[in-house]
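1. sequence first, then the predicted structure:
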Amino acid sequence: MIIEIIPCLSDNYSYLINETETGTTSIVDPSEFNACDRIINKYKKLDFILNTHHHADHIGANLDLKKKYNSKILGFNSDKNRIPGIDILLEENQKYKIGNLEFKVIFIPGHTKGHIAFFFEKEKIAFTGDTLFSLGCGRVFEGTHEEMFNSLNKIKNLPPDTKVYCGHEYTKSNLNFCLEYDSNNTHLKNKKIDIDKKLSTNQPTVPSTVADEIKTNIFLRCNDPEIKHRLGLKDSSDVEVFSKLRDLKDSF
């Protein structure tokens, strides 16, 4: 399994997946035709387009790529009227094969009502779109804070060594927010060194891992007593802490 990270637009990431045994080639969330097509050209074909959700910066190249390569577009069944060109409707917990690779559909609403992640269990790789970012999470647009909290916990419960490929390069901004409210976190301070080094050489800060996010991502640490104290919410539920953090991040 080869994964190529494709920077698109101002801060999006699309991901090309090549399954080496059969040559099956797929792309996750193609934002921009030209940027994606340059990478696809190396493989001469595109069999599948995988969409995590319907937002324009994740499906922008769907129709042009489908037209050029006769690709099949996959998305969640409730987004059948919102994902352009969709061919294959996926359901929660469904398993689907692209070549010899198999992913599981994880339903993670909150950012949108039909948001999903693609989890390749054998390879321990998850494409999380705009739900879980490196050191952050997506805005709650169509769902509730509780739905988003529960969705993040689904990802949090994946194997710790699962690699997380997210939809945007938001890591530096997310880092600054985490440091604001979790300033004593040694793991976070160490991660800052690695992030600054990567960004200084124009490298992506992704992928992260589930284990790393649990140690450093404040949105996965809502049960931490020190964070609750910092927010003045020491007797509040984890969901209430998450809601407060998400509101603070919205205006950060």
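-> That came through fine. This is a predicted model, so every value here is computed, not measured.
2. the spatially closest residue to residue 236 that is not a sequence neighbour: how many residues sit nearby?
-> What sits nearest to residue 236 in space, not counting adjacent residues and going by CB to CB, 6 or more residues apart in numbering, is residue 228, at 6.5 Å. The way it works is simple: take the backbone N, C-alpha and C, and place the C-beta from them, glycine included. By the measure other CB atoms under 10 Å, the count of residues near residue 228 is 20.
3. give me the element residue 228 is part of.
-> Element membership of residue 228, judged by DSSP states H and E, is helix 225-230.
4. any idea which helix or strand comes after that helix?
-> helix 238-250.
5. by contact count, what packs against that next one?
-> Under the contact definition 3 or more CB pairs under 8 Å, 6 or more residues apart in numbering; DSSP states H and E, helix 238-250 sits against helix 145-156, helix 171-181.
6. pull the distance from it to the chain's centre.
-> Helix 238-250 sits 19 Å away from the centroid of its parent chain (CA atoms, centre = their mean, to the nearest Å).
7. now the strands for the protein?
-> 2-8, 12-19, 24-28, 48-50, 72-76, 88-90, 95-98, 101-107, 116-120, 125-129, 132-133, 136-137, 163-166, 208-209 (DSSP state E).
8. adjacent strands (with direction) for the last one?
-> Take DSSP bridges as the rule and strand 208-209 pairs in its sheet with strand 163-166 (antiparallel).
9. need the strands of the chain in JSON lines (columns: distance to residue 234).
-> Conversion of these to JSON lines gives the following (distance: least, CB to CB, whole Å):
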{"stretch": "strand 2-8", "distance to residue 234": "40"}
{"stretch": "strand 12-19", "distance to residue 234": "37"}
{"stretch": "strand 24-28", "distance to residue 234": "40"}
{"stretch": "strand 48-50", "distance to residue 234": "42"}
{"stretch": "strand 72-76", "distance to residue 234": "38"}
{"stretch": "strand 88-90", "distance to residue 234": "41"}
{"stretch": "strand 95-98", "distance to residue 234": "42"}
{"stretch": "strand 101-107", "distance to residue 234": "32"}
{"stretch": "strand 116-120", "distance to residue 234": "32"}
{"stretch": "strand 125-129", "distance to residue 234": "30"}
{"stretch": "strand 132-133", "distance to residue 234": "26"}
{"stretch": "strand 136-137", "distance to residue 234": "22"}
{"stretch": "strand 163-166", "distance to residue 234": "30"}
{"stretch": "strand 208-209", "distance to residue 234": "29"}
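10. which one of these lies nearest to residue 144?
-> strand 136-137 (13.6 Å; CB to CB).
11. list the contacts of the closest one.
-> 131, 148, 152, 170-171, 173-174, 177-178, 217, 219, 246, 249 (CB atoms under 8 Å, 6 or more residues apart in numbering).
12. off-centre distance for that strand?
-> 9 Å.
13. kindly report the same for stretch 207-224.
-> From the chain centre to the centre of stretch 207-224 is a distance of 14 Å (CA atoms, centre = their mean).
14. mind listing residues that contact it?
-> Contacts for stretch 207-224 (CB under 8 Å, 6+ apart): 125-126, 132, 134-137, 149, 152, 155-156, 158-166, 174, 177-178, 181-182, 185, 187-188, 191, 227-228, 238-239, 241-242, 245-246.
15. surely residue 198 meets residue 204?
-> Yes. Under the criterion of CB atoms under 8 Å, residue 198 makes contact with residue 204 at 7.1 Å.
16. taking the contacts of strand 136-137 together, which two end up most distant?
-> Pairwise distances across the contacts of strand 136-137 (CB to CB) peak at 19.0 Å, for the pair 148 and 171.
17. more neighbours: the two, which one.
-> More crowded of residue 148 and residue 171, by other CB under 10 Å: residue 148, with 27 against 22.
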